[in-house]
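Enquirer: got a sequence here, can you build the structure:
(chains A and B)
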Amino acid sequence: MGSSGGPVGRSTGFASAPDDIQAPFCLTEDTGHGLAVAAANRPAGRLGIGVGMRLTDARALYPALGVEPIDRAADRRCLTALARWAVRYTPAVLCDGRDGLLLDMTGAAHLVGGEEALCRDVARRLRAVGLTVRVGIADTAGAAWAVTRYGKGGVVPVDRTARVLAPLPVAALRLSADAVDLLQRLGLTTVGALYDIPRAALQRRFSAPALGDAVVLRLDQVLGRAEEALTFLPPPRTWRATAHLFEPVTERAQIEAWLETLGHRLAGLLGVDGLGARRLRLTACRVDNRLYHVEAGLGAPSRSPVLFRRLLAEGLDRIDPGFGIDRLVLAADGVEPLAPAQTGLLDVPGEEDPQPLIDLLRVKLGGDAVWRLEKVASHMPERAQCRSYAPPVDPAGPGRKPAAPPATPGPLGPRPVLFLPRPEKVEVMAEVPEGPPRLFVWRRTTHRVSRAAGPERIEPEWWRRAGAVGRPRDYYYLEDTGGRRFWLFRHGLYDRGDLGVENPAPHRPPQWYVHGLFG
Amino acid sequence: MAERAAVSLERLRDRIARIEGRPRRLEEGEAEPGWIFGAAAIDRHVGDLSRRDVHLFRPAAAADIPAIQALGAALLARLALGQPRRPVLWVQTKEARRLWGTPSLAGLAGLGAPAERVIFVEAARPALYGQAMEEGLRSGRLAAVVGVGPPPAFVDSRRLRLRAGERATPCLLLATRDATTPVAAATGWRVAAQASGPNPDDPAAPGRPRWRLELMRAGHCAPAAFEVEWDDATVCFHMVAGSAAGAAGAGTFAPEPAVELGVKRGAGRPVHRLRVRA
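Expert: From the prediction side, this is the model:
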């Protein structure tokens, strides 16, 4: 910090507004006197639509104006998330009003290459995600606020605050509307005009002493002559259990034993808050400061130390203890509410919830190697089911009826037990082009068809894809002389051109595929 | 005192299980409800398929691999009659999926199997295939574990048997190869697809699936062969009337292993000799 001696020191403020829609667009808020514009994008601003304007007036200016209600709560959440992100610059961050962040950069700016570089870095990163940003750095929080909102932003040199702020309007002092109004009526339109007025004289101008005090206080705060208490964002809550090991451990079994201990501690911490872990991370710190991370995800929130140990034990092989591990940290990186439930008095086998098993298999085999099948309302056989990686929405817990399956129409014809990963081309001989095959060659084996059922025609789902509509398929259920059953389809039709009647236009001949196998 | 408390706890648990419609935990030494084919001749000869053991099904030819998967699904449907809520773990190797595809929801449901309760697992490496099945058997939360992949090595199959016994979870091994390597299993079958049964609606169309089941090896009964038809409406196997294979195994109940009845090479050998060879 420079020699200015301000109570807060170098502060950065930046304001933002989304501006990536090309058409005039605004967000509205119900003010009690009808809808008013709460935010407008740049094209709307060029039309003269500004914050505070009635929506009816704005619509009169531009009837095709895009309008959405503003969601202040979502804005707030977004701004808080942005504040959490800004911790990358300094630990002291707070949300400043509805659209600003205030960062106390005292002693931290040099880490990103100085104040100018800091401004550029913040602006570049936020613009990259589509935000409109103005960044300013000044000696005090108030001065930074003023230069970002009423000035040009940028870095205010140390001890030049008063001079830079002098031409700004009095509203830059974070005053109430009444105070600004009165000052303007007195002809005191700029901050600089207030510098030379004796403080007692200034205070006397206001009928309400509180207003006068506020003006003087704000002025003092901006110039660094008065303290300003700032409440910075508390660090996010973490759930972690740490073991500092006096005697470094070198054996896997020892690590596993500690893992269990830490699991119990972490489960206790989570239990107090009524939470369950969804993501776990074990950090093992070796004596030479090398870090190992073992991570595991859970399909459903859990507080079971046994489960924690089993999931993470899979990854312990990757840890090379070397001369020993002297610190183990078990953290729940992701948490979800989990109502307290009575756990078993004893370790009772036969519990029906398979989620712990699924989590364990995911850790072993990979996240996408374990799935269930779910029905999808589709006529295309390969789309009539999809892999579901989430636990079932309504688990048929004890005492509960299993959820009724969604009312999708069942398939009309037989469906194979096995679907091949993709339909495989076959050579087919049929008695008549539109009839079932007599003989087909699949995987270099000739199958003579003894019995056949079909066709079941399935038209492509034209409503899913605009433009290129696929060809219809005719499915046949075939049995060969060996008793093996297949599900073949003919992709496309023999149109009249093929039969030589009319329409001699070039036509792709239909192609036959094996799509599934019956047992 | 502690013993009495434990006994009353057990009773309470059983009552709760009954109210909730869950299968009751078995008492020490109590017989389990039968997991039978439902076809008289097989049930008379083989009796229950053990619910705490491994059953191996080998294909007679590579083209019969879909048939054993369908048979496995049919047996799951039989099993689900007694355990209506528990999920099933269906483990398959990546190779098995690439060559023979994955079971379909509609197809499994068409056979009567509890398709929506099947958890599918794909093992990228053969080692993981065995591990996944073992984890499933160890969890004690499943109705059954089904494995579609190469037959496991003898030692691995021993481990599976032990795990299956610990938590009373049956394991169906649906082998994608008919190798003659010894595999520890309660029963060993060879399965071949047969021409399907008559279709009452359309004589030219395939009917109910039929399989020829050769019981190659079982600890408690002689090898035999059966021809069965799966009826998904009654969730039951039926013997195919008038088939020679059905008659061979059906009428004769031999209490001791009879080598003469052996259908194919090695079929009649007692299990312990196979173990010695391994």
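Enquirer: the closest residue to chain A within the stretch 51-200 of chain B: neighbour count?
Expert: Residue of the stretch 51-200 of chain B nearest chain A, by CB to the nearest CB: B:Ala70 (1.7 Å). The way it works is simple: take the backbone N, C-alpha and C, and place the C-beta from them, glycine included. A count of neighbours around B:Ala70, defined by other CB atoms under 10 Å in any protein chain shown, yields 30.
Enquirer: repeat that for A:Gly130.
Expert: For A:Gly130, using other CB under 10 Å, the count is 11.
Enquirer: now it: how far from chain B?
Expert: For A:Gly130, the distance to chain B equals 39 Å [CB to the nearest CB, to the nearest Å].
Enquirer: tell me the spacing between that residue and A:Ala39.
Expert: 14 Å (CB to CB, to the nearest Å).
Enquirer: run through the bridge partners of A:Met328.
Expert: Actually, residue A:328 is Leu rather than Met. For A:Leu328, the beta-bridge partners are A:Ala243, A:Ala284 (DSSP bridges).
Enquirer: how near is it to A:Arg252?
Expert: 13 Å.
Enquirer: ditto for A:Glu116
Expert: On the measure of CB to CB, A:Glu116 and A:Arg252 end up 52 Å apart.
Enquirer: for the stretch 351-500 of chain A, what spans make up the helices?
Expert: In the stretch 351-500 of chain A, the helices defined using DSSP state H, counting those that start in this stretch lie at A:355-365, A:496-499.
Enquirer: pick out the shakiest of those helices, pLDDT-wise.
Expert: Ranked by mean pLDDT, these bottom out at helix A:496-499, which scores a mean of 42.
Enquirer: and after that one, which helix or strand comes next?
Expert: strand A:511-518 (DSSP states H and E).
Enquirer: mean confidence for the lengthiest helix in chain B?
Expert: Counting residues, the longest helix found in chain B (DSSP state H) is helix B:2-20. On average, the pLDDT along helix B:2-20 is 73.
Enquirer: same check, this time on stretch A:290-310
Expert: 88.
Enquirer: tell me if it is near chain B.
Expert: No: Stretch A:290-310 does not reach chain B (CB under 8 Å from any CB of the partner chain); its nearest approach is 9.3 Å.
Enquirer: report the backbone C-alpha coordinates of the top helix by length along chain A in PDB.
Expert: In chain A, assigned by DSSP H, the helix with the most residues is helix A:252-272. The C-alpha trace of helix A:252-272 is given here as PDB (Å, rounded to 0.1, in the frame of the first residue of the first chain):
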ATOM      1  CA  ARG A 252      -0.700 -49.300   2.600                       C
ATOM      2  CA  ALA A 253      -2.500 -51.100   5.500                       C
ATOM      3  CA  GLN A 254      -1.600 -48.200   7.800                       C
ATOM      4  CA  ILE A 255      -2.900 -45.600   5.300                       C
ATOM      5  CA  GLU A 256      -6.100 -47.700   5.100                       C
ATOM      6  CA  ALA A 257      -6.500 -47.700   8.900                       C
ATOM      7  CA  TRP A 258      -6.100 -44.000   9.000                       C
ATOM      8  CA  LEU A 259      -8.500 -43.700   6.100                       C
ATOM      9  CA  GLU A 260     -11.100 -45.400   8.300                       C
ATOM     10  CA  THR A 261     -10.400 -43.100  11.200                       C
ATOM     11  CA  LEU A 262     -10.700 -40.000   9.000                       C
ATOM     12  CA  GLY A 263     -13.800 -41.400   7.500                       C
ATOM     13  CA  HIS A 264     -15.400 -41.600  10.900                       C
ATOM     14  CA  ARG A 265     -14.400 -38.000  11.600                       C
ATOM     15  CA  LEU A 266     -15.700 -36.700   8.300                       C
ATOM     16  CA  ALA A 267     -18.900 -38.600   8.700                       C
ATOM     17  CA  GLY A 268     -19.300 -36.900  12.100                       C
ATOM     18  CA  LEU A 269     -18.700 -33.500  10.600                       C
ATOM     19  CA  LEU A 270     -21.200 -34.100   7.800                       C
ATOM     20  CA  GLY A 271     -23.700 -35.600  10.200                       C
ATOM     21  CA  VAL A 272     -23.800 -32.400  12.300                       C
END
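Enquirer: any idea how far it is from the middle of the chain?
Expert: 29 Å (CA atoms, centre = their mean, to the nearest Å).
Enquirer: for it, packing partners?
Expert: Secondary-structure packing of helix A:252-272 (3 or more CB pairs under 8 Å, 6 or more residues apart in numbering or on different chains; DSSP states H and E): strand A:239-249, strand A:275-286, helix A:305-313, strand A:325-337.
Enquirer: out of the ones you listed, the one nearest A:Asp181 is which?
Expert: strand A:325-337 (48.1 Å; CB to CB).
Enquirer: returning to that earlier point: over to the residue of the stretch 51-200 of chain B closest to chain A. Which of the three states is it?
Expert: helix (DSSP: H, G, I helix; E, B strand; the rest coil).
Enquirer: same deal with the one 4 residues further on?
Expert: With three-state DSSP as the basis, the three-state label of B:Ala74 is helix.
Enquirer: hang on, the earlier thing: just checking, the residue of the stretch 51-200 of chain B closest to chain A touches B:Pro209?
Expert: Yes: shown here, B:Ala70 and B:Pro209 form a contact pair, counting by CB atoms under 8 Å, at 6.1 Å.
Enquirer: give me the common contacts of these two.
Expert: A:518-519, B:230 (CB atoms under 8 Å, 6 or more residues apart in numbering or on different chains).
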